[in-house]
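In: could you work out the structure for the sequence below:
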Amino acid sequence: MKGQLERFRKKQRRQTVNSYPNGMEAYARTLKHLVEASGNGSVPSAAKEKLVPRLKANEVYGVICPDNKDYYRTVMIKTVPLTGGFQTFISNPVYGTVPDHMQIADSAQVFKQMRDMNSSMSLTSMEAFPHKGVTNSTYRAGDAGIHGTGVSDLHQRQQKRGLL
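Out: Numbering: from 1, shown residues only. Sure thing, here's the model as predicted:
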C-alpha cells in the first residue's frame, strides 16, 4: 500500500500530458475553425430588423388600425396598485395620423404583452370598425325571412302577435 498514492498521481500526470499535448496548439486550432466557419472573420449581427421594446406602464402609445390605415387607437397600460396587476386602456378609433410625440406600437405587440402580463383587457381587435353589420350569411336557411333584410321568421311572427 505504501507509495500507491504517488503511483496514482504519476499515472494521472502522464494521462494529462498525453491528452493535452500542447494547450496553445489546441486553442489555435479551435480559433482557426471558428474563423473558417464565420467566413471572413467578422461577426454578423443577430437580426437586421429593429428590436421591439416592451410597452411601459403609464405611457400612451398609438396603434394604427389594421383594417383602415386612416384611423388609430391610443393604448395605455396602467398599474393597479391594489393587486399589483395591469389594466389596459384602449381608446375609440381616432381619424388622422398618430401625433409625433406618441410612439407607434403594433397591435400584435400590444396583445402579446397583455397576455404575458395577464392584464385585463376588454377588446379582442384593434380594428377601427370591428362590427361589419348583419349579413345574409349570419342567419341559417330557415331563419332567412325576407331576403336581404336580415329579419328572421321568428321576429316577423312575434310582430304579428303583437309581442314586439
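
In: can I get the strand ranked longest in the chain as CSV, trimmed to CA atoms?
Out: Within the chain, and with DSSP state E defining each element, the longest strand by residue count is strand 71-79. What follows is strand 71-79 as a C-alpha-only set of coordinates in CSV (Å, rounded to 0.1, in the frame of the first residue of the first chain):
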residue,chain,number,x,y,z
TYR,A,71,-57.6,55.6,-38.1
TYR,A,72,-55.5,54.9,-34.9
ARG,A,73,-56.2,54.0,-31.3
THR,A,74,-54.3,55.1,-28.2
VAL,A,75,-53.2,52.4,-25.7
MET,A,76,-52.1,52.9,-22.2
ILE,A,77,-51.1,50.2,-19.6
LYS,A,78,-51.9,51.2,-16.1
THR,A,79,-50.6,49.6,-12.9
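
In: contacts for it, please.
Out: 55-65, 85-98, 102, 105, 110, 113-114, 117, 119, 126, 128 (C-beta atoms under 8 Å, 6 or more residues apart in numbering). To be clear about C-beta, it is placed using only N, CA and C from the backbone, and glycine gets the same treatment.

In: got the domain boundaries for this structure?
Out: Taking automatic domain parsing as the criterion, the chain consists of the domains 4-37, 46-130.

In: now distance to residue 155 and mean pLDDT too, for those domains, in CSV please.
Out: Conversion of the domains of the chain to CSV gives the following (distance: least, C-beta to C-beta, whole Å; pLDDT from 0 to 100):
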stretch, distance to residue 155, mean pLDDT
domain 4-37, 72, 77
domain 46-130, 24, 83
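
In: tell me the most buried of these?
Out: Of all the domains of the chain, domain 46-130 carries the top mean neighbour count, a mean of 14, counting by mean count of other C-beta atoms under 10 Å.

In: what sits closest to residue 75 if chain neighbours are left out?
Out: With sequence-adjacent residues excluded and distances taken as C-beta to C-beta, 6 or more residues apart in numbering, residue 75 is closest to residue 61, at 4.9 Å.

In: what about that neighbour, which SS state?
Out: Counting by DSSP: H, G, I helix; E, B strand; the rest coil, the backbone at residue 61 sits in strand.
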